[in-house]
Each structure stands twice: as structure tokens, then as C-alpha cells.
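In: predicted model and sequence below, questions to follow.
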Amino acid sequence: MATTSADRIIIALDVQTKEEGIALVSRLKDARTFKVGLELFTAEGPALFRKLKALRKDIFLDLKLHDIPNTVSGAVRSAFKHGVQMMTIHTSGGREMMAKAAEVAREIARESGRPKPVLLGVTILTSLKGADLEEVGQGSDVASQVLRLAGLAKAAGMDGVVCSPQEIEVLRKEYGRELAIVTPGIRPVWAAAQDQKRIMTPAEAVAKGADYLVIGRPITGAPSPNEAFLRVVEELA
């Protein structure tokens, strides 16, 4: 778990190339953990991980894995070999898929003697609202869906969940501190909302119970990313 305000912040490397990503990481000397998402991973693959590890940074692999249990658990094993500390699995894949991934995570930690990778269940994307869920055949109550999926993640042995800031309080009320909460959709008071709909400021999210905050463009798009990062750290403090 994060021990300082700076450790709570996960920087989203929402760029297209390894060179852009490493240039950003190099400018963010005070940040520890960086999120590699689908676009960047598809472009660069594990070669990027070696660069990040050389810079002594932690890796949050955000691929929202969703497949048959053996395939997802195999991907967890492979990511661990590449030095990934945290990764996401889509809760919609079901309890068996998540349980198999959690079992493999414990197994590879025992085999290697290294800390277990943190597995996070993605609930409902922050770009979706109730009408969007209804359109794909789910209930329109976002909070109820998040609670249901978080319950599946807990039962399967996952370490935590990813949810929008709007669901932090209901999750903390239901599960206490049993699940870590990672929250995208974070926008400092001085930043625009852009394409995410269910958003909150860093200080508000932490006050409600978030453990980690995923922040991208407000920091990475700033003239001085490290100064913007420290500005968010100061806001949390």
C-alpha cells in the first residue's frame, strides 16, 4: 500500500511510443509508478518494461485482461516475469477467471521469493454512465453494478478494484479496507475534465478512501510534468 502522498499517484503513460514514454518518465523524477495501457503496450510490448525498470520505476500494466481462465492466468505469469508490480483484470470475466489469476499470482510469488503482483479488478469504466450500461444490457445503476463486480473480485481473492471516484464511498461502506481502491477519473481543480465523465479532485478521492489515484494528462501534458506532479502531491498533503 502507498505510504506517502507521492506514492498514491500513478502516472498514466498515454503516449504512442517508447521514446515518448521514457522521455516523460525521465521528466517525472519524483513519481514512482507508471501505468502502461493498451495503446502503448500494443505499440512497444515488454521492451518498454526493461527501460522502466532501468529507471527504477514501478509498472502498473493496465490491459484489463478478459479471456478464459488459463489464458488470463498465463498472462499474469508472463507479466510478472517482466517485472510488473500491478495489473488489471476485467471483473466481467467472472469469478473463475479472477480466482485462477489470483492463484497463479500467489504461486509465482512463492516460486520466486518476490512480492506478489497486485491484481486489480476493473469494474465499470469511467467513460461509461448509466445509459451506456443499459444500452449493452446491464442495469443502469452504476453503483450497484460496481458493488456486484467488486464482490466477485473479493470472493475470487483479488487484491483490489478499479472504480470511478463516485463509487469509493459505497465500496468502503460495504467492504471496509478489505479491497484496495485504485481510482482513475482524477482531475485536479486546475485541470479540465476532458473525456472522462465520473471525475473528482485528488484530495476529495483520498478523503473518501481511495488508495491510489491514476492521473494522466493534467500532469503529463503540463509544461513541467514534475512540477504538476508535485502540485498534486501538495494538494493531497
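Out: Nice, thanks for sending it over. Worth saying up front: this structure is predicted, and the values here are computed from it rather than measured.
In: going forward, measure contacts between C-alpha atoms and count neighbours the same way
Out: OK.
In: for the longest helix anywhere in the chain, packing partners?
Out: As assigned by DSSP state H, the longest helix anywhere in the chain is helix 95-112. On a contact count with 3 or more CA pairs under 8 Å, 6 or more residues apart in numbering; DSSP states H and E, helix 95-112 meets helix 69-81, helix 142-155.
In: lowest-confidence stretch among the ones you listed?
Out: Within the helices and strands packed on helix 95-112, confidence is poorest for helix 142-155, with a mean of 91 (mean pLDDT).
In: which residues does that one contact?
Out: Helix 142-155 has contacts (CA atoms under 8 Å, 6 or more residues apart in numbering) with 91-92, 94-95, 98, 121, 123-124, 129-130, 133, 139, 160-161, 163, 167, 170-171, 178-179.
In: next: stretch 23-31.
Out: Under CA under 8 Å, 6+ apart, the answer for stretch 23-31 is 6-7, 9-11, 13, 220, 224-226, 229-230.
In: and if we set it to 7 Å?
Out: 6, 220, 225-226 (CA atoms under 7 Å, 6 or more residues apart in numbering).
In: any idea how far that stretch is from the chain center?
Out: Mean-position distance between stretch 23-31 and its chain equals 19 Å (CA atoms, centre = their mean, to the nearest Å).
In: next: stretch 100-114.
Out: Worked out by CA atoms, centre = their mean, stretch 100-114 lies 20 Å from the chain centre.
In: with adjacent residues omitted, what lies nearest to residue 51?
Out: Excluding the flanking residues, the one nearest residue 51 by CA to CA, 6 or more residues apart in numbering is residue 22, at 7.4 Å.
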